[in-house]
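Visitor: from the sequence below, what's the structure:
(2 chains)
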Amino acid sequence: MQSSLFINRELSWLEFNDRVLVEAFDKTNPLFEKLKFLSITASNLDEFFMIRVSGVMEQMEDNLDSVDFSGMTAAQQMKMISQRTHELVKKQYNCLFRSIIPSLEKEGIIFLKMEQLDEEQKRFIYNYFKQNIFPVLTPMAVDQSRPFPLLLNKSLNLIVLLEPDNTAEDKELIAFVQVPSVLPRIIQLEDKKRNLFVYLEDIMEEYISDLFPGYVIKNVHTFRITRNSDLEIDEEEAKDFLIEIEKSIKRRKWGFPVRLEVEKDISGKLKHFLMKKLDLDDDDVYELSNPIDLTCWMKFVSLKGFEKLRYKPMQPVMQRDLAKNQNIFDVIKEKDILVYHPFHTFDHVVEFVDKAAQDPNVLAIKQTLYRVSGDSPIVKALIKAAENGKQVTVIVELRARFDEENNIQWAKKLERSGCHVVYGLVGLKTHCKVILIVRREEDGIRRYVHMGTGNYNDSTAKIYTDAGLFTCKETYGSDVSSLFNVLTGYSKAPQWKKINVAPVGLREGFIELIENEIKMVKQGKNGYMIAKVNAVVDEKIIEKLYEASCAGVKIDLIVRGICCLRPGLKGVSENIRVISIVGRLLEHSRIFYINNGDDPKVYMSSADWMPRNLDRRVEILFPVEQANLIEEVKKVLDIILSDTMKARIQKSDGTYSRIDKRGKEHIDSQSELFRYYERQYELSVQEEIYEDTVPFINRGAE
Amino acid sequence: MSKHLNSVIAAVINIGSNAVYLKIAQIKSGLLDILEYLEYPIFLGRDTFTKGKIDFEKVDKLCDALKDYKEMVKSYRVHDLRVVATTAVRDAYNRDYILNQIKVKTGLEVEVLDDSDEKDYIYKEIIKQIDEYPNINEKKDDSLISYIGTGSLGIAVYSKGHIVFNHNIRIGSLKLSELLSSVQDKTDRFYVVVEEYLSNFTYMITKYLSGNKLMYFIGSGREIEMIASLCQAKKDGRVLIIPKESFDKVYDYIKDKTPKQLMKIYSLSEDKAEILLPSMGIYRALLNCTDSDAIYAPIALFMDSILNEMLFPEEKQRLDKKFYESTIFCAKRIGERYFYDSGHAHRVEKIAMLIFDKMKKVHGLGEKEKILLQVSSLLHDIGKYISIKKHYIHSYNIIMASDILGLNSDDLTIIANIARYHSGLLPSSEDRNFKSLSFNDRVLVAKLLSILRLADSIDRSHSNKFNDVQVKFHENLLDIVAYTSSDTVLEEMTFKRKAEFFEEVYGIKASFRKKVQ
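Guide: Presented below is the predicted three-dimensional model:
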């Protein structure tokens, strides 16, 4: 296939980050939320540089001529990435200075420069400097005997140009001081009326001479570096996986530099000094106004008060069947239950594990864990279960990026409590999300299963949209049982009954779904499918989608992030529409709907359409088979597809535009879904009242 | 609370040739419900079939897997666990050390199943299913049943509700592929080697089976499901039907392909791809020995059969009874092949059974031992087919070389020894053959033999002299009364001589009286 039929994945990712940034400008978003979106774009960019850009740089060194499926060499990509990122960064700072800071000032939140402080404020700040800042500073000078220091990844630093004050010779000296990450970046002044703030680095610059007695400060500027942080572990050789990961986390701090952010008015001399020492080109340098590193706003918006500057809280509701005061296992025994978070509360999942931990008839609990929250109720429930003598098996994925340290901590905790902790398979990340509960009942063993699209993490479950299925159907139980036997290394993979499992047969599973619709069209039926994923990168799947489009299958793709597919190309993808939803909640669920000749089928998965999900991870695709749940999922997808507020349409060139709202209802699908599930819940409450009253009426009639 | 939940859960671990397996099952709605099925690949067979022994590294790996399985079994609170091992362990010359290692490292006691034990489990499962499958059962034609294990092949003739003949051949699919693997690279017509290799045993099989018109071919074994799916078999109830036509088509297509090519074409694992041709070759050879137009493959799984036995004791009894009858059929079939004197054999059988039953309290033996005596009674003289001279030695050799459904090689050794000493020679601790038996087996042989010798002496003349024989057992006297008007001097004399051994074994006197009707 021609390479121009694909969009480069890095550029597509930058488009996504741009869509997030649009939310920081959106007038309908409360001010603090806009600032949060701005901060998210910054931390997204950090990660992008640490993982993706570093990868492109490595490719540039390795093979100069090879091209990706969009037809670009690594050097071409690098050029485009730099160009797009520079535009994006400019937009970020425009947003901050032209929109957000003026609006904050209107709310009495004001950022002061040192020279704007009055005497009393200055005294307060100098005091703060002496007591809190000065003791933690470590200046590092550079000269013949002292080499360029190792500057930490993502750390903010001051570069200082000095000169001894009593010598006539020109003996300039360069020194570095890290802006301490342990202190708040934005410091509040004492003021009764207003909320006044100063940046930490401004204070340091102001009193920098205290650090270098006997020297004249000629110049001082802030800068920040970003390093390659992709962990590399030789898994085949690793004896103890836990120890290897611990070691590699340490190494990450010292990966090669990938980006330099400097203050705009830095002297050319200092800038070039840094570039040379860090081995970076002009393209890798970003000249910015202070403050550098916009991720600092994430903490700032947790400022007390100012509720009107935040979203009105959306309260998750209980799933209607689980709302009735019944044992969760009894409910699942009756029928399959679908939960869609955060519209439905994640408490159901926690309750599932927690009830199992306490149920005397439960023999075993098995679960995969990828990322969990700091004080995870799920981990607590598993520990409780182990202490209660249940057989608890936990497949812990240590390699969840940037969560490795966290994961090691609670993995050790689980082990100590008597859980059987397994660190997954060599070379494959365990990314599927499954829980298996083996329960002994009157008519024998019954297995309860939860399969989800998102992590077992109660904090992110409040802001990520994710779906999960509870079932005790034997075919699922048997497949999930076998899946755990594969993950623990007890058994080789069986013939799966219901699910598809990566890395063997998941891509094929997806392709079968698409081919099914092609077949339908050939039989003269309506070919239609919806896929909701977070990224579409896999070449084979994209090609199959093009083939389906050409065959006449109508395809709606809901892709939050990267999408390398070009929709609407004549003779290639005219029948494919791609929308992206970026809103208050992070779209995360992976749902697949095929019309199947008006006999619809629904599937869910832990995997995106990316080679890494399909080839290098253990992921699953599972069907949702109960008729009412298929209807429910279709309803949810229809609501998302009808979004006119937060949806963006992808154009053939890979850029995005808003939906033309003319003559259409204003629909924000995330809010709409909250209302939908609220109504479902209310209906169930009414039903219960009705059920209670019916007998009375009957009795009266007798 | 959990006390009333007393559903029974059983587990079987099977140490096979290609892998070690675990199955955990319960009863659900009256049927076997498999809860867990684990397969951990360890190629023990490759070691045994090529080197004769299993490397200790593999034994270590095996023990690790067994430990994991034990944990899994524990988590289900399994009531009943059996650990069995088949060909790969059985035929390894270091098997005693292996079993000891397993015992020490995992605490698990392994039952090493005989080749015929393994097949009996499969046959029981097949019979159960054919009985429920009207298409084969109702028609009164005979069927050929086969089971391809990794290390051996079993064939049996099923006729009117019973297996009437069976035979085991030490050639399995894996064994065949291991045996012939060295030539595989030397020829691009490997299938010719396989076919030629197989032709020498199909020749014998057709001879053995000449008495039956075999209208159905029932295939079973580990690879049958794979073959069925490659041949696009239809499913009829629990039975897969592979039409001969499509089987031959697939065979012709794959026969000149290498395992590598097969892996690609059918996306098979390496071990499956290697075994496909030998396995299909064997089925093909057998299919051609019958008039069947298809391979009928009931899903008959070895481990399921063991689990069924553990979970359904009543069904086990029923099947055991049916099997017992089949054992006798098969024994008679062997007798016929060696032109035994069936009148004599049946009379001896009858009298021996009478004595056995009357003396239950004294000998304390059960049903299984009764079968051994019954088969011995039927076959004790078959050596006469070779020569009257020292016929008991020939009887011994023939029995040792035979396969009888429901009897494993230990059982056959007992029977063969009984035949060996039934005539003149008496067993003694001087006798090398007898000495090699275990103490318990020596006692058993003696107990059964002494009964057979009495029964045999009563029909000494091989002529149907007696209208009736009655056996009574009073305190310390076995009293045998024969009703006849013929002369019985020969019988009485022989009886007296043979009763000595009986008295020696049981400490009981035996008398033979004639009554004229």
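Visitor: okay, now the domains of the chain?
Guide: Picking chain A for this. Per automatic domain parsing, the structural domains of chain A span A:3-309, A:320-498, A:506-667.
Visitor: sorry, I should have been clearer: chain B.
Guide: B:2-113, B:116-307, B:313-515.
Visitor: following the chain onward from the helix or strand of chain A with the lowest mean pLDDT, which element is next?
Guide: Every helix and strand of chain A was ranked by mean pLDDT, DSSP states H and E. The lowest is helix A:241-252, at a mean of 65. Sequence-wise, the next helix or strand downstream of helix A:241-252 (DSSP states H and E) is strand A:257-263.
Visitor: which elements pack onto that next one?
Guide: Secondary-structure packing of strand A:257-263 (3 or more C-beta pairs under 8 Å, 6 or more residues apart in numbering or on different chains; DSSP states H and E): strand A:215-227, helix A:268-278, strand A:285-288. No exception for glycine: its C-beta is placed from N, CA and C like everyone else's.
Visitor: out of those, which gets nearest to residue A:654?
Guide: In terms of C-beta to C-beta, the element of those nearest to residue A:654 is strand A:285-288, at 23.0 Å.
Visitor: thinking again about what came up before, of the domains of chain B, which is nearest chain A?
Guide: Closest of those to chain A is domain B:2-113, at 3.6 Å (criterion: C-beta to the nearest C-beta).
Visitor: could the helices and strands packed on strand A:257-263 be laid out in a markdown table, adding mean pLDDT?
Guide: Conversion of the helices and strands packed on strand A:257-263 to a markdown table gives the following (pLDDT from 0 to 100):
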| stretch | mean pLDDT |
| --- | --- |
| strand A:215-227 | 91 |
| helix A:268-278 | 90 |
| strand A:285-288 | 93 |
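Visitor: mean neighbour count and distance to chain B for these - can I get that in a markdown table?
Guide: Shown next, in a markdown table, are the helices and strands packed on strand A:257-263 (neighbours: other C-beta atoms under 10 Å in any protein chain shown; distance: least, C-beta to the nearest C-beta, whole Å):
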| stretch | mean neighbour count | distance to chain B |
| --- | --- | --- |
| strand A:215-227 | 20 | 41 |
| helix A:268-278 | 16 | 49 |
| strand A:285-288 | 19 | 50 |
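Visitor: can you list these in JSON lines and add distance to residue A:501?
Guide: As requested, the helices and strands packed on strand A:257-263 are exported to JSON lines (distance: least, C-beta to C-beta, whole Å):
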{"stretch": "strand A:215-227", "distance to residue A:501": "35"}
{"stretch": "helix A:268-278", "distance to residue A:501": "44"}
{"stretch": "strand A:285-288", "distance to residue A:501": "43"}
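Visitor: okay, now residue B:160: neighbour count?
Guide: The local packing of residue B:160 (other C-beta atoms under 10 Å in any protein chain shown) involves 10 other residues.
Visitor: dihedrals phi and psi, it?
Guide: phi 50, psi 50 (degrees, to the nearest 10).
Visitor: just for the stretch 51-200 of chain B, where's the confidence low?
Guide: B:135, B:137-140, B:150-151, B:172-174, B:184-186, B:188 (pLDDT under 70).
Visitor: next one: the stretch 401-517 of chain B
Guide: For the stretch 401-517 of chain B, the ranges with pLDDT under 70 are B:517.
Visitor: please list the residues of it that sit near chain A.
Guide: Residues of the stretch 401-517 of chain B found near chain A (C-beta under 8 Å from any C-beta of the partner chain): none.
Visitor: can you tell me how far the residue in the stretch 251-400 of chain A that chain B sits nearest to sits from residue A:420?
Guide: As assessed by C-beta to the nearest C-beta, chain B sits closest to residue A:391 within the stretch 251-400 of chain A, at 3.6 Å. Using C-beta to C-beta, to the nearest Å, residue A:391 is found at 7 Å from residue A:420.
Visitor: and for residue A:602?
Guide: Residue A:602 is 34 Å from residue A:420, by C-beta to C-beta.
Visitor: in the stretch 51-200 of chain A, which residue sits nearest chain B?
Guide: For the stretch 51-200 of chain A, C-beta to the nearest C-beta, closest residue to chain B: residue A:69, 25.1 Å.
Visitor: Provide the backbone phi and psi angles at that residue.
Guide: Torsion angles, degrees, to the nearest 10, at residue A:69: phi -70, psi -10.
Visitor: name the nearest residue to it, ignoring sequence neighbours.
Guide: Using C-beta to C-beta, 6 or more residues apart in numbering or on different chains and skipping the chain neighbours, the partner closest in space to residue A:69 is residue A:6 (4.6 Å).
Visitor: what touches both of residue A:391 and residue A:420?
Guide: residue B:71 (C-beta atoms under 8 Å, 6 or more residues apart in numbering or on different chains).
Visitor: between these two, point out the one with more neighbours.
Guide: Taking neighbours as other C-beta under 10 Å, residue A:391 and residue A:420 compare with residue A:391 leading, 21 against 18.
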